[in-house]
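Visitor: I need the structure of the sequence given here:
(4 chains)
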There are 4 protein chains.
Amino acid sequence: MSQSNLGPVKRGRQFLHTPGPTMMPDRILRAMDRPAVDHRGPEYAAIAERCYAGVKTVFKTRQPVLISASAGHGAWEAALTNTCQPGDRILMAETGAFSAQWKQMAESFKLDVEYVPGDWRHGVDPNAIETRLAEDTAHAIKAVAIVHNETSSGAASRVAEVRRAIDNAKHPALYLVDTISSLGSMDFRMDEWQVDVAIGGSQKGFMLPPGLSFTAVSDKALAAAKSARAPRHYFDWARMLPDGKTPAFLSTPPINLMFGLLEALDMLEEEGLEACFARHARLAEAARRAVAGWGLELNARDPAEQSNSITAVLMPEGHDADAFRSACLDRYNLVLAGGLMKLQGKLFRIGHLGDLNEPMILGTLATIETALAATGVPHTPGGVNAAITYLVEADNG
Amino acid sequence: MSQSNLGPVKRGRQFLHTPGPTMMPDRILRAMDRPAVDHRGPEYAAIAERCYAGVKTVFKTRQPVLISASAGHGAWEAALTNTCQPGDRILMAETGAFSAQWKQMAESFKLDVEYVPGDWRHGVDPNAIETRLAEDTAHAIKAVAIVHNETSSGAASRVAEVRRAIDNAKHPALYLVDTISSLGSMDFRMDEWQVDVAIGGSQKGFMLPPGLSFTAVSDKALAAAKSARAPRHYFDWARMLPDGKTPAFLSTPPINLMFGLLEALDMLEEEGLEACFARHARLAEAARRAVAGWGLELNARDPAEQSNSITAVLMPEGHDADAFRSACLDRYNLVLAGGLMKLQGKLFRIGHLGDLNEPMILGTLATIETALAATGVPHTPGGVNAAITYLVEADNG
Amino acid sequence: MSQSNLGPVKRGRQFLHTPGPTMMPDRILRAMDRPAVDHRGPEYAAIAERCYAGVKTVFKTRQPVLISASAGHGAWEAALTNTCQPGDRILMAETGAFSAQWKQMAESFKLDVEYVPGDWRHGVDPNAIETRLAEDTAHAIKAVAIVHNETSSGAASRVAEVRRAIDNAKHPALYLVDTISSLGSMDFRMDEWQVDVAIGGSQKGFMLPPGLSFTAVSDKALAAAKSARAPRHYFDWARMLPDGKTPAFLSTPPINLMFGLLEALDMLEEEGLEACFARHARLAEAARRAVAGWGLELNARDPAEQSNSITAVLMPEGHDADAFRSACLDRYNLVLAGGLMKLQGKLFRIGHLGDLNEPMILGTLATIETALAATGVPHTPGGVNAAITYLVEADNG
Amino acid sequence: MSQSNLGPVKRGRQFLHTPGPTMMPDRILRAMDRPAVDHRGPEYAAIAERCYAGVKTVFKTRQPVLISASAGHGAWEAALTNTCQPGDRILMAETGAFSAQWKQMAESFKLDVEYVPGDWRHGVDPNAIETRLAEDTAHAIKAVAIVHNETSSGAASRVAEVRRAIDNAKHPALYLVDTISSLGSMDFRMDEWQVDVAIGGSQKGFMLPPGLSFTAVSDKALAAAKSARAPRHYFDWARMLPDGKTPAFLSTPPINLMFGLLEALDMLEEEGLEACFARHARLAEAARRAVAGWGLELNARDPAEQSNSITAVLMPEGHDADAFRSACLDRYNLVLAGGLMKLQGKLFRIGHLGDLNEPMILGTLATIETALAATGVPHTPGGVNAAITYLVEADNG
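Guide: All right, here's what the predicted structure looks like:
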């Protein structure tokens, strides 16, 4: 479709700062832009083997990884239906729109959800988890399921501390963590943190288009899956497990996305995971400094929880975040994400994950500052200066 | 990954004649090779709207179409869980490996499957369907589910005749048809044939990579879905239905595959569906003439059922089809599909669907003839001559 | 080649701010990424016809346009050898490195070059041209040859005023203009300004890779070419002129670049040339405001001559521009251009032509400000603020 | 441009069998489909260095190689103007349209061409060369210039034998060889055969789009260039020689073609030059067997001279080759090359060079056989059979 059918002519590269999909590297797009191969043949087998091994590295796990042709919600579903059955109790925590959707899904499968309330401005409270589990002396709670990085709020949960909370309560519940918007951007340690099910998606830190989901599964979770009787097929882990013989998909795998995944894994390995996390932290801090410089408020209240993959910024009272976002798109070809569900119109979100560098984030921050001024949103000029000052320190520090 | 890591160096374009993925047109690969857009923004909304409308045209339906980020098996699952619940009876027909897998899936969801036996060399027998339905005077059978084009056998079922069988039996069962390897390659008429659920996938006649599935759903099927109580979420039709406001996906849609779908729909429209079907019929007949010329036997016994998207060829006794296929790949960079399940090693399959023309199919047939001779498989030379003779007739006829 | 062989791992898109090649739009790269076609066949003929017509529009001329497989220097050579012969006198003006190279080329072909001196900080002085021509009462000067936009200095010459100077002197000299780094970015009017030979290249405002040069030729210049006896073949205009029958190249044309050219012409038409020039002017002014904000000096002294496609910035005394540029590349993946010939090390140049928008130029300016601070180059912070302030005015003005 | 603007809708991959451009591998197209880099920066320098070294390998030379942004005709021009000056005598040999064009170019530069006549069905006669040189006792002949593989006739010249002819005549003439359509497809040994100037182009055995030319130059030729006084600039070898410091181009090099060249060199290295030549020989012989099978006549009379990169086939009397070629394109999306100059309409040419394999050439030959029958051209059926029989022998031999 020619661009001219899709609104006013825009020139220059679009700055896409949603929290997934991201601005994908050309290397990855090009890697997918090739003829498919026989998914039952030796070339695909070799590619798939490297992909499965590589994704383990990113999860920091030695346990099996499953790859599915689905959005991340498919892996959510698999996590629930493979570990629990109707009537089982599951402990979830309200952190924002994604925790709310996952909870709704659990209810669709007739799980008995215990939902720790939250204000959509914080991560999960480990103390609350520990209290609930300690109260559950009958061990009726089968699983604790949390979102590592709540994309809707910009607040990350402390996964290791929640692990300690479970341990403190001496509770045998499975530990399920949605790492969709953190994996590959922020540190996550499946094995060290004894996570039983970790869920990722292709369109975030993996720098791919949407269409693949990843699940890392512990032995404990696999054992639970064997006894869980909830009907399932497409998302049945037993069918998704690589058997060492055939590429491990229920049916035809999304071959071209796997080409892209292989390239993404090469890129992550080249940079190194820790360097990649440090880069995300640096660029995220630059964004936060700019927000502070503008005198605007971050949605995530606790500095220890502010996400390194997305920053959610509250609009001043009386100003609509979505109108502001439209102006950014229409005038400057900059895409920001909006508030979801009850936060709609109240905040805008700056995705800063994936293949990002200083010129990109500075261009975005400077354009936001331009748009704030051009649309009359009250703010203090100089946010970009604050970001620059921080980056100079970080560079020379 | 450099090609050199994946076996001996092969030069020239690989002739990929699996029945999906296919040899995708450059236009489609290039359409997907672009930055993603915000799936909540106006550009994606316009693209999605055109895609949903276009897929309807290919199904020949005015009823709603759903698009899912999944393999075709995901749409299979949705068809079962949205129309039936545990204990419901469903009538299926054994046509080959894919009917067998769909049956197995139905059993996973505790459906009571009545399975009309078959020899994997024919399509569904409409008379058998009529007999079973006529016997079901209590109308316990909730649905009839068949595979239009049984990719594993090369035999297509007569969907319109099965419809008449249902009508003759005056049975209210829903009519579910898997059109995965026929849609866009062979005529299919959702509305005229009163199909209630039709299922397609991206990697066949749509000339795309795997990763998208399509479902067209009749009002009758949607009504059944409302009352079906089987737990479901990712594949819940109610969530997948476009609401006219937001792009109709449970979560992040596979944006880049949608770019490709739009291009594929443009290509199908340019050529015209009927011209496209005629091209498939012509090139398939050329393949069948070559097989006859070699004195080899088609797996599909009934000429009225021989598929226009795939030709399955029985190996002479004492010769292993998979060894032959390996020779084709290793020596000539030609990929043929093999026999599945109980047919493994007994036949090879030539996919001839999607973006194919005379030089491509002739190159494949001539290479097969070369490989038959080079590997000592008994055959009569001159199969390619027969194909040429037919194509000359077809061209001048 | 994997990026890892080429230095430290860099992430994020490279900001390439040389004055050609530019950051090419994906649409153009993708348009070139397709199989070649027969350059003697009908499809290529249709493409070539549209390309030749489109390039005329960009030159604002109705006179013939020639396209050559060469760098812009090839078109320079053609302009000289088709209009002049050894011993002919040509009037050129010193504006910087490119005028110097063109002069050197003229001397290679034994032309008698009269060179109006300049300080590499100004465009051509129309008065000086008028004076020289007026003195040439014998009309020995065959041609006046100037560079519209001196890429090395950032100073543009006033082509229309030089035309008036020629007219004022009532001199019949041919008027040759190098528009390589202005065409498509800054206004140029071949016919209105009575330019006889105008020269462009693909890698600038056309947003293409290097490899094509364009020449627009007036009837007067074509007549001169007929009588010019200088030996030439590859660059003989007579061979390069489309004859309406065969695509007009001496030999095999660079087909894939022509695919890209067609897309580039579509993009220029979509945006509109005047809108494109206004966008270049706006983003260039933002860059100049930033430079002023930093308290640094522009190389181009006369505001009326400051280029809208490139800004050359003088380094403070005692600081090496090339060391600064290396820091920009190594630390931030930002490529700036350096000083050429006698300006080497003394200035850096910011290319801002082609497919550029606000976030891109702001990202570049903010990164330069970061790098100035990080490397200890004396400057006043706040250049980006000045750019933002200007863009807000421009947007709301 | 949508394909629908360019004639009737064609489906399937176009079989482009012109002798350049060729059917380029996806790997190469994709390698060029990336953002440009600074041609004065370190990444480009590394790429260029590898390219220059790799092209030497293909020429089988240790002497300098020059790369130019031009069609092969540009390298022709450079070969003439750098070694000869007006009035110099040069010995050329009539082999077909390309020798005729090169001769015409030599005359444009006022060289005194001695032209050994030929019938356009043979390569150069070494005896004729020896005789002429032996007669030239005054050594007035500065250079012998021949075409290795005369693309218009399908006859290759015996370069080594011509070398011996020169030696036998004890003549000091420079030896210039156009290897444009042989390099990378047929054996050529610059140093062993003491060729002084060898000329290649990108769109043939290098599997690239047109736009680059290559020249390998001996010390003797470089010495001649120093004393040659013919005016030249763009094609002045002295300017094109890599100096070990800056990438060796007069001006901006065609960066993206260089990306492609690097990938092409990797591919040639992976396969190995000798294996590549053997593959060309095998597929060419299959084509010749098919022609013989059809009872048609090869234009190249001498089997020892029949080209491995192109086969020219004479049309039966009373049949127009161009009408036949149009039918191939319109009906089957197969592009054949036509007769050039005096051969127009009398023959069609099958290019079989570059990234080709058995299925591709067999598809082409079978389609030609189909088209011969469909358009009523007298021939014997079974040409493809003969090709298959040969390939089976070759495979098992």
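Visitor: How about the residues of chain A by chain D?
Guide: Counting by CB under 8 Å from any CB of the partner chain, chain A comes close to chain D at A:26, A:27, A:30, A:33, A:34, A:35. The C-beta positions use only the backbone N, C-alpha and C, and glycine is treated the same way.
Visitor: dump the residue contacts of the residue of the stretch 251-397 of chain A found nearest chain D.
Guide: The nearest approach of the stretch 251-397 of chain A to chain D comes at residue A:259, 11.1 Å away (CB to the nearest CB). Going by CB atoms under 8 Å, 6 or more residues apart in numbering or on different chains, residue A:259 touches A:31, A:32, A:34, A:47.
Visitor: near chain C, from the residues of chain A next to chain D?
Guide: Applying CB under 8 Å from any CB to those, those adjacent to chain C are A:26, A:27, A:33.
Visitor: now the second one, nearest residue through space, not along the chain?
Guide: Of all residues not flanking residue A:27 in the chain, residue A:263 sits nearest, at 5.6 Å (CB to CB, 6 or more residues apart in numbering or on different chains).
Visitor: anything in stretch A:199-215 near chain B?
Guide: Yes: counting by CB under 8 Å from any CB, chain B is contacted by stretch A:199-215 at A:201, A:203, A:209, A:210, A:211.
Visitor: Touching, the fourth one and residue A:201? I think so.
Guide: Right, residue A:210. Yes: taking CB atoms under 8 Å as the definition, residue A:210 is a contact partner of residue A:201 at 6.9 Å.
Visitor: Overlap in contacts, the two.
Guide: A:20, A:71, B:252.
Visitor: what about the helices in the stretch 101-250 of chain A?
Guide: A:126-135, A:159-168, A:219-227, A:237-240 (DSSP state H, counting those that start in this stretch).
Visitor: hang on, the earlier thing: redo the ones next to chain C among the residues of chain A next to chain D as TSV? Include neighbour count.
Guide: TSV is the format used below for those (neighbours: other CB atoms under 10 Å in any protein chain shown):
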residue	neighbour count
A:26	19
A:27	17
A:33	26
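Visitor: Out of the residues you listed, name the ones that lie in helices.
Guide: Taking DSSP state H as the definition of helices, those contribute A:26, A:27.
Visitor: Chain C versus residue A:243, what's the distance?
Guide: Noted for residue A:243: a distance of 32 Å to chain C, by CB to the nearest CB, to the nearest Å.
Visitor: In chain A, what residue lies closest to chain C?
Guide: Taking CB to the nearest CB, chain A has residue A:363 as its residue nearest chain C, at 2.4 Å.
Visitor: Apart from its neighbours in sequence, what residue is nearest that residue?
Guide: Using CB to CB, 6+ apart, the nearest residue to residue A:363 is residue C:363, at 2.4 Å.
Visitor: following the helix or strand where that neighbour lies, which helix or strand shows up next?
Guide: Per DSSP states H and E, residue C:363 falls inside helix C:358-374. Once the chain leaves helix C:358-374, the next helix or strand it forms, by DSSP H and E, is helix C:383-396.
Visitor: Now do the helix holding residue C:363: distance to the chain's middle.
Guide: In terms of CA atoms, centre = their mean, to the nearest Å, the centre of helix C:358-374 is found 24 Å from the chain centre.
Visitor: for stretch A:331-342, same thing?
Guide: For stretch A:331-342, the distance to the chain centre is 17 Å (CA atoms, centre = their mean).
Visitor: ok, the residue lying closest to residue A:171 once chain neighbours are set aside to residue A:117 distance?
Guide: Excluding the flanking residues, the one nearest residue A:171 by CB to CB, 6+ apart is residue A:133, at 4.0 Å. Counting by CB to CB, to the nearest Å, the separation of residue A:133 from residue A:117 is 16 Å.
Visitor: now swap in residue A:225 and tell me
Guide: Residue A:225 is 30 Å from residue A:117, by CB to CB.
Visitor: And residue A:98, by the same measure?
Guide: To residue A:117, residue A:98 is 16 Å away according to CB to CB.
Visitor: Those two: who's more crowded?
Guide: Higher neighbour count among residue A:98 and residue A:117: residue A:98, with 23 against 8, using other CB atoms under 10 Å in any protein chain shown.
Visitor: So which residues of the stretch 1-150 of chain A form strands?
Guide: Remark: strands assigned in the stretch 1-150 of chain A by DSSP state E, counting those that start in this stretch are A:15-17, A:65-69, A:89-93, A:112-116, A:141-147, A:149-150.
Visitor: so which of these is the most packed in?
Guide: strand A:149-150 (a mean of 33; mean count of other CB atoms under 10 Å in any protein chain shown).
Visitor: the bottom helix or strand of chain A by mean pLDDT?
Guide: helix A:237-240 (a mean of 92; mean pLDDT, DSSP states H and E).
Visitor: buried residues in it?
Guide: By neighbour count with 16 or more other CB atoms under 10 Å in any protein chain shown, helix A:237-240 contains the buried residues A:237, A:239, A:240.
Visitor: between the residues you listed, which is closest to chain B?
Guide: residue A:239 (9.4 Å).
Visitor: need the contact list for residue A:14.
Guide: Applying CB under 8 Å, 6+ apart, we find residue A:14 in contact with A:333, A:334, A:335, B:35, B:37.
Visitor: quick one: which of those has the most company?
Guide: residue A:334 (25 neighbours).
Visitor: Please report how far that residue lies from residue A:350.
Guide: 10 Å.
Visitor: Pull up the overlap in contacts between these two.
Guide: Counting by CB under 8 Å, 6+ apart, the residues touching both residue A:334 and residue A:350 are A:17, A:364, A:368.
Visitor: where in chain A is pLDDT low?
Guide: For chain A, the stretches flagged by pLDDT under 70 are A:1-8, A:244-250.
Visitor: Now do the buried residues in the strand or helix carrying the residue of the stretch 251-397 of chain A closest to chain D.
Guide: If you go by DSSP H and E, residue A:259 is part of helix A:255-271. For helix A:255-271, a neighbour-count test (16+ other CB under 10 Å) marks A:255-268, A:271 as buried.
Visitor: out of these, which one sits closest to residue A:60?
Guide: residue A:268 (12.1 Å; CB to CB).
Visitor: how many other residues sit next to residue A:107?
Guide: 15.
Visitor: same question, residue A:323
Guide: Neighbours around residue A:323, by other CB under 10 Å: 12.
Visitor: so it, which of the three states?
Guide: Secondary structure state of residue A:323, per DSSP: H, G, I helix; E, B strand; the rest coil, is helix.
Visitor: so what's it up against?
Guide: residue A:375.
Visitor: And it, how close does it get to chain B?
Guide: On the measure of CB to the nearest CB, residue A:323 and chain B end up 14 Å apart.
Visitor: Residue A:302 too?
Guide: 27 Å.
Visitor: isn't that residue right up against residue A:122?
Guide: Yes: if you go by CB under 8 Å, residue A:302 and residue A:122 touch, sitting 5.9 Å apart.
Visitor: Which one's more surrounded, these two?
Guide: residue A:122 (21 against 13).
Visitor: wait, doesn't that one sit right on residue A:305?
Guide: Yes: using CB under 8 Å, residue A:122 is in contact with residue A:305, at 6.2 Å.
Visitor: okay, the longest helix along chain A in CSV with CA atoms only?
Guide: As assigned by DSSP H, the longest helix anywhere in chain A is helix A:273-294. Provided in CSV are the C-alpha atoms of helix A:273-294 (Å, rounded to 0.1, in the frame of the first residue of the first chain):
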residue,chain,number,x,y,z
LEU,A,273,23.2,-9.5,27.8
GLU,A,274,24.7,-7.4,30.6
ALA,A,275,25.9,-4.7,28.2
CYS,A,276,22.4,-4.7,26.6
PHE,A,277,20.8,-4.3,30.1
ALA,A,278,23.2,-1.5,30.9
ARG,A,279,22.3,0.3,27.6
HIS,A,280,18.6,0.0,28.4
ALA,A,281,19.2,1.3,31.9
ARG,A,282,21.2,4.3,30.6
LEU,A,283,18.7,5.3,28.0
ALA,A,284,15.8,4.8,30.4
GLU,A,285,17.5,7.0,32.9
ALA,A,286,17.9,9.7,30.3
ALA,A,287,14.2,9.5,29.6
ARG,A,288,13.4,9.8,33.3
ARG,A,289,15.8,12.8,33.6
ALA,A,290,14.0,14.5,30.8
VAL,A,291,10.6,13.9,32.4
ALA,A,292,11.9,15.4,35.7
GLY,A,293,13.3,18.3,33.7
TRP,A,294,9.9,19.0,32.3
